[in-house]
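Trainee: A predicted structure for the sequence below; I have some questions about it.
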Amino acid sequence: MRMDSLTQIVLGAAVAEAVAGRKMGAKAALLGAIGGTLPDLDVFLRFFYDPLDAALVHRGFSHSLLFALLAGIILTFISSKLSKKGYSNKTWFLLWFLSIVTHPILDIFTNYGTQFFWPFDWRLTFNSVFVIDPLYTIPFMILLIGALFMKRESKRRRIWNWTGIIYSSLYLLWGLGVKLFVYSNTNSYFEQANIHPKRAMVTPMPLTSFYWDLIVEDDSNYYIGYKSLFAPFDPKQIEVLPKNHHLLENLNWNGNSRLEEIEHITNGFYTVEQHLDSLIIYDLRFGTTTTITNGLSRTPLMGYGITLKDQKTQNLFSYRVWDFSKIKFSVYWDKVFGK
């Protein structure tokens with residue numbers, strides 16, 4: 001549910017290099033990489049919460065502007081005391097603050113979003129880039145590594161590093177533009193199949209910004225379609241998932257229904273299935289496995305499981321579908337490019 005760690009390391013290192021690389025050399029990028037990973041240390045808090053509460057806590061305070069400010073001040077104080085080089089407090093603060101704050105800013109572009117203005121409960125999300133996108137990370141990383149092999153005083157070093165930062169920023173804007181284009185046409189796509197949506201969600205498919213997952217709903221069902229930028233929308237590919245929200249009507253966990261948390265986490269896009277003594281609540285923001293497995297699996301990728309006994313909740317657990325043996329990348333890339 002987070003932008004992959006490698007991407008956060010590259011972004012933090014590049015920003016720190018831009019701030020202090022000429023003064024500190026590669027040390028700046030190393031410290032920036034550390035700063036870029038700090039917000040995700042909140043994943044260790046999941047051991048103290050059930051999966052629903054853990055999902056609410058993740059990307060909360062540690063992904064906020066306030067955290068970046070406080071951590072930047074504390075780390076500036078520590079760094080200035082430990083360093084023998086006499087770098088200014090301004091340099092230390094900009095290095096730490098910018099490498100940390102760019103992490104949640106990048107996460108805002110993913111489907112889970114962040115509580116950037118904590119303690120306010122708003123989760124900001126553009127849902128316009130997949131958590132792992134090689135076209136974003138690899139060129140950015142190559143430019144950063146190339147820059148770090150140049151002399152710190154070199155003008156080319158700064159050009160390479162800033163080219164990576166500018167490229168990454170333009171790629172995020174590209175994703176937003178593509179999403180707005182696809183979203184603006186979503187209703188017309190589904191009307192080709194005589195489906196008249198009440199609400200729609202558009203999210204990038206795995207590993208690319210050229211292939212998009214379109215989810216719409218009516219009172220009873222969700223309808224999932226796929227749009228490649230290289231091919232027309234095909235209404236014959238639409239999948240139908242019943243909501244089955246009624247299965248949660250009498251659910252309780254320690255006296256609470258948990259429906260409010262489920263609605264909040266999934267943004268209201270979830271479907272429910274019963275398997276023996278368990279209810280599986282699928283979070284549709286992460287899509288299904290249909291296209292990436294060429295139809296071998298049609299299960300939504302992620303969600304939460306609830307074990308029941310006599311209609312009472314006994315256990316709450318995370319549910320993920322990671323059956324790599326069914327992934328058909330060659331067929332998937334054909335779909336991405338509209339073949």
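Mentor: Good, I have the coordinates.
Trainee: ok, now how distant is the most centrally placed residue in the chain from residue 279?
Mentor: Nearest to the geometric centre of the chain sits residue 110, at 3.4 Å (C-alpha atoms, centre = their mean). Distance, residue 110 to residue 279, by C-beta to C-beta, to the nearest Å: 27 Å. All C-beta atoms are positioned from the backbone trio N, CA, C, and that covers glycine.
Trainee: check residue 62 too.
Mentor: From residue 62 to residue 279 the distance is 30 Å (C-beta to C-beta).
Trainee: pick out whichever of the two has more residues nearby.
Mentor: Set side by side, residue 62 and residue 279 show more neighbours around residue 62, with 24 against 19, by other C-beta atoms under 10 Å.
Trainee: confirm that the more buried one sits in a helix.
Mentor: Yes - looking at residue 62 with DSSP: H, G, I helix; E, B strand; the rest coil, it is inside a helix.
Trainee: shouldn't it be in contact with residue 43?
Mentor: No - using C-beta atoms under 8 Å, residue 62 is not in contact with residue 43, being 9.4 Å away.
Trainee: what does the helix-or-strand element of the chain with minimal mean pLDDT contact?
Mentor: Every helix and strand in the chain was compared by mean pLDDT, DSSP states H and E; the lowest is strand 312-320, with a mean of 76. Strand 312-320 has contacts (C-beta atoms under 8 Å, 6 or more residues apart in numbering) with 50-52, 251-254, 280-282, 301-308.
Trainee: same thing but 6 Å
Mentor: Defining contact as C-beta atoms under 6 Å, 6 or more residues apart in numbering, one finds that strand 312-320 is touched by 50-51, 253, 280, 302-307.
Trainee: just the ones of these in strands?
Mentor: 280, 302-307 (DSSP state E).
Trainee: and of those, the nearest to residue 85?
Mentor: Ranked by distance to residue 85 (C-beta to C-beta), those are led by residue 302 at 45.8 Å.
Trainee: so who does that closest one touch?
Mentor: Going by C-beta under 6 Å, 6+ apart, residue 302 touches 283, 286, 320.
Trainee: where along the stretch 101-250 of the chain do the helices fall?
Mentor: With helices called from DSSP state H, counting those that start in this stretch, the stretch 101-250 of the chain shows them at 134-148, 155-184, 186-191.
Trainee: Serialize the ones you listed to CSV and add fields for distance to residue 34, mean pLDDT and mean neighbour count.
Mentor: Putting these into CSV (distance: least, C-beta to C-beta, whole Å; pLDDT from 0 to 100; neighbours: other C-beta atoms under 10 Å) gives the following:
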stretch, distance to residue 34, mean pLDDT, mean neighbour count
helix 134-148, 15, 97, 18
helix 155-184, 18, 98, 16
helix 186-191, 41, 96, 16
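Trainee: can I get those helices in JSON lines including distance to residue 273?
Mentor: Shown next, in JSON lines, are the helices of the stretch 101-250 of the chain (distance: least, C-beta to C-beta, whole Å):
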{"stretch": "helix 134-148", "distance to residue 273": "32"}
{"stretch": "helix 155-184", "distance to residue 273": "28"}
{"stretch": "helix 186-191", "distance to residue 273": "23"}
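Trainee: any idea which element the residue located most distally from the centre of the chain lies in?
Mentor: Distance from the C-alpha centroid of the chain peaks at residue 84, with 38.8 Å (C-alpha atoms, centre = their mean). Using DSSP states H and E, residue 84 maps to neither a helix nor a strand.
Trainee: what of the one 10 residues further on?
Mentor: Under the assignment given by DSSP H and E, the secondary-structure element containing residue 94 is helix 89-108.
Trainee: would you mark the buried spots in that helix?
Mentor: 91-108 (16 or more other C-beta atoms under 10 Å).
Trainee: before we move on, what about stretch 43-55?
Mentor: Buried positions in stretch 43-55, judged by neighbour count with 16+ other C-beta under 10 Å: 50-55.
Trainee: which outside residues touch that stretch?
Mentor: For stretch 43-55, the surrounding residues in contact (C-beta under 6 Å, 6+ apart) are 57, 261, 265, 304, 316, 318.
Trainee: please repeat the previous calculation with a cut-off of 10 Å.
Mentor: Applying C-beta atoms under 10 Å, 6 or more residues apart in numbering, the external contacts of stretch 43-55 come out as 1-2, 42, 56-62, 112, 253-254, 258, 261-262, 264-266, 281, 283, 303-306, 313, 315-319.
Trainee: for it, give the mean pLDDT please.
Mentor: Averaged over stretch 43-55, pLDDT sits at 81.
Trainee: what about that stretch, how long is it end to end?
Mentor: The first residue of stretch 43-55 is 9 Å away from its last residue (C-alpha to C-alpha, to the nearest Å).
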